[in-house]
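sequence plus the predicted model coming up.
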Amino acid sequence: MHTEKEIFDLLSEIPDPEIPVISIVELGVIRKVSSNGKSIDVVITPTYSGCPAMKQMEDDVCKKLKENGYETVHVSMVYSPAWTTDWLSEEAKLKLQKYGIAPPEESTSDKSFLSNKPKAVTCPRCKSKNSTMVSQFGSTACKALYQCKDCMEPFDYFKCI
C-alpha cells in the first residue's frame, strides 16, 4: 500500500502525548515499520521503561494506520537497544527549545551525563547558562526541573539518557 517512507510520514503526524510539539518519529521511538499488503508491523522503543505515554503512542499508531487503509496493525515494543536522547532529531531539539523545554545538551557517547552533579543548563527562554536544578524530576520522568537565575523562569530540561 505505502512505502516505508510514506508510513514514516504518516507516523510523523502523530504528536508525542506528553510533548505535543514533536512527533513520535522525531522523538525516535519508532524503530522499524514493515508492511505486507493491508497488514503492518511497527516496532517501538520506550523512552523509559514504564513510560506511561507508550500505551497512548501504541493506540495512536494503530488509529493512524487503520485510518489510512491498514486493516491489521501490530505494534511491538523492543527494549534493546535502549532508547537514547541521541535519537532525537535536531529539528525536535529546536522545537523543544521553542516550546520552553531545554533539549539535551550532550550526547550519551560523551558519558558526562552520568555525573550525579547537577549542571548548568541553557535556559530555553533567555539562553542564559546561569541555571540550577530544582528537582531531578520535572513534569515527566524524562525531564528535570530547572530554574534560570537570570530571568527567574522555571523550565524543564529533557534529561540526556
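Nice, I can see it.

which is the next helix or strand following the longest helix along the chain?
Counting by DSSP state H, the longest helix found in the chain is helix 54-67. Proceeding N to C from helix 54-67, the next assigned helix or strand is strand 72-77, under DSSP states H and E.

can you give the contact residues for the longest helix of the chain?
7, 10-11, 13-14, 16-17, 24, 29-30, 40, 42, 44, 46, 73, 75, 77 (CB atoms under 8 Å, 6 or more residues apart in numbering). Any C-beta I mention is one placed from the backbone N, CA and C, and that applies to glycine too.

make a ChimeraX selection of the buried ones in the residues you listed.
One line in ChimeraX is enough to select the buried ones among those; burial here means 16 or more other CB atoms under 10 Å:
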select :7,10,11,14,16,17,24,29,30,40,42,44,46,73,75
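
now intersect the contacts of helix 54-67 with the strands, please.
Under the assignment DSSP state E, the contacts of helix 54-67 contribute Ile30, Ile40, Val42, Ile44, Val73, Val75, Met77 to strands.

Ala141 belongs to a strand?
No - Ala141 is assigned coil when assessed by DSSP: H, G, I helix; E, B strand; the rest coil, not a strand.

you'd agree it is up against Pro46?
No - checked against CB atoms under 8 Å, the pair Ala141 and Pro46 is beyond contact range at 11.0 Å.

Cys126 and Lys119: what is the separation?
Cys126 is 18 Å from Lys119, where distance means CB to CB, to the nearest Å.

so which bits of stretch 89-97 are buried?
Ala92, Lys93, Lys95, Leu96, Gln97.

dig out what Gln147 forms beta bridges with.
Following DSSP bridges, Gln147 is listed with bridge partners Thr132, Pro154.

how does the protein divide into domains?
4-77, 95-158 (automatic domain parsing).

identify the residue spatially nearest to Thr122, adjacent ones excluded.
Lys129 (5.4 Å; CB to CB, 6 or more residues apart in numbering).

pLDDT score for the one you found?
As summarised for this prediction, Lys129 has a pLDDT of 94.

that one: how many residues sit nearby?
By other CB atoms under 10 Å, 13 other residues sit near Lys129.

Ala141 too?
Each residue near Ala141 was counted by other CB under 10 Å, and the total is 15.

for the spatially most distant residue from the centre of the chain, give its distance to Glu58.
In the chain, counting by CA atoms, centre = their mean, Gly37 sits farthest out from the average C-alpha position, at 29.5 Å. Taking CB to CB as the measure, Gly37 and Glu58 are separated by 22 Å.
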